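Peer 1: need coordinates for the following:
(one chain, ligands or ions: 1)
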Amino acid sequence: MGTDVTGELKAAAAALADATDVTLLGHVNPDADAFGSAVGLGMVLRDRGASVRVSFGSPAAVPESLRHLDDAGLFVPADAVPSAPRTLVVLDCGSVDRLGPLADRVATTRAAGGDVVVIDHHFATAEFGTVNVLDDRAEATAGLVLRLVDELGAPLTEPAARAIYAGILTDTSSFRRATPATHLAAARLLEAGVDPDAVARPLLDSHPFDWLRMLSAVLGRTSSTRPPRRAWAWCTPRSPPRTWPTCGARTWTV
Ligand SMILES: [Mn+2]
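Peer 2: Got it, this is the predicted structure:
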């Protein structure tokens, strides 16, 4: 980890260049990096002629905030993933466990002689693939996917660039943890036609209406201390009962 992964990227490109059937999996409860990386690479491989599907262990549908990344409809629910995929790509998973109910596909693919390409940027990711592109200095798995697209010599289409951009945007906290290389990558993605506002709005600025109610109720309880000032608020599973089901946190510290 943390070393030059150029050789691994070449090995991944070699494994995927002639693949005719590719299953790409992100982690359970996918974020924009997991899903965007899978969709972005999936679109590139589909454009090269492969049959492609993208999935994750749960939930059974793509979260609303990520749907604008999958124009091509590559997603299939977990129960439609083949029991032994011919070629498997695992994205943004620091361990096999992160695949949830689809974790067994790593073993079944390997047992059938298929390639398992693991692409990830988490610290201390286990090497459970036949090819492991692991770089904990990478800002996002999507950044490694962009390098893999280059290694494949594939053109960067707008839909693929959009999905990759989404992963880089969110995993850098809107470029707060960007490096010069991150901005160079982002520039290429914008040049491929990505509309940065249209990508960011569903990911970062849109919430279910109940979320606003919950936020209103919780922030209405905000208290503060004397200097050094700290603000805090709280909620419990019973308060506010009407909106709690959409609130994922038990207590919030602001
Ligand atoms: Mn990530």
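Peer 1: tell me which parts of the stretch 101-250 of the chain are close to the ion?
Peer 2: Residues of the stretch 101-250 of the chain lying close to the ion (C-beta under 5 Å from the ion) are 141, 171. All C-beta spots, glycine's among them, are computed from the backbone N, C-alpha and C.
Peer 1: quick one, helices of the stretch 101-250 of the chain?
Peer 2: In the stretch 101-250 of the chain, the helices defined using DSSP state H, counting those that start in this stretch lie at 104-111, 141-152, 158-171, 180-191, 196-200, 209-219.
Peer 1: average pLDDT across the second one?
Peer 2: When the per-residue pLDDT values of helix 141-152 are averaged, the result is 98.
Peer 1: ok, back up a step: is it possible to export the helices of the stretch 101-250 of the chain to CSV including mean neighbour count?
Peer 2: Converted to CSV, the helices of the stretch 101-250 of the chain look like this (neighbours: other C-beta atoms under 10 Å):
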stretch, mean neighbour count
helix 104-111, 17
helix 141-152, 24
helix 158-171, 27
helix 180-191, 15
helix 196-200, 14
helix 209-219, 15
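Peer 1: mind giving me a markdown table with the ones you listed and columns for distance to residue 50?
Peer 2: Below are those laid out as a markdown table (distance: least, C-beta to C-beta, whole Å):
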| stretch | distance to residue 50 |
| --- | --- |
| helix 104-111 | 15 |
| helix 141-152 | 11 |
| helix 158-171 | 13 |
| helix 180-191 | 22 |
| helix 196-200 | 25 |
| helix 209-219 | 38 |
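Peer 1: ranking the ones you listed by mean pLDDT, which is last?
Peer 2: Among the helices of the stretch 101-250 of the chain, helix 209-219 scores lowest, at a mean of 86.
Peer 1: by contact count, what packs against it?
Peer 2: Applying 3 or more C-beta pairs under 8 Å, 6 or more residues apart in numbering; DSSP states H and E, we find helix 209-219 packed against strand 231-234.
Peer 1: give the buried residues for the strand it packs on.
Peer 2: By 16 or more other C-beta atoms under 10 Å, the buried positions in strand 231-234 come out as residue 233.
Peer 1: next, work out how far apart residue 6 and residue 148 are.
Peer 2: Residue 6 is 11 Å from residue 148, where distance means C-beta to C-beta, to the nearest Å.
Peer 1: measure stretch 198-216 end to end?
Peer 2: 26 Å (C-alpha to C-alpha, to the nearest Å).
Peer 1: what's the answer for stretch 173-185, then?
Peer 2: One end of stretch 173-185 sits 16 Å from the other (C-alpha to C-alpha).
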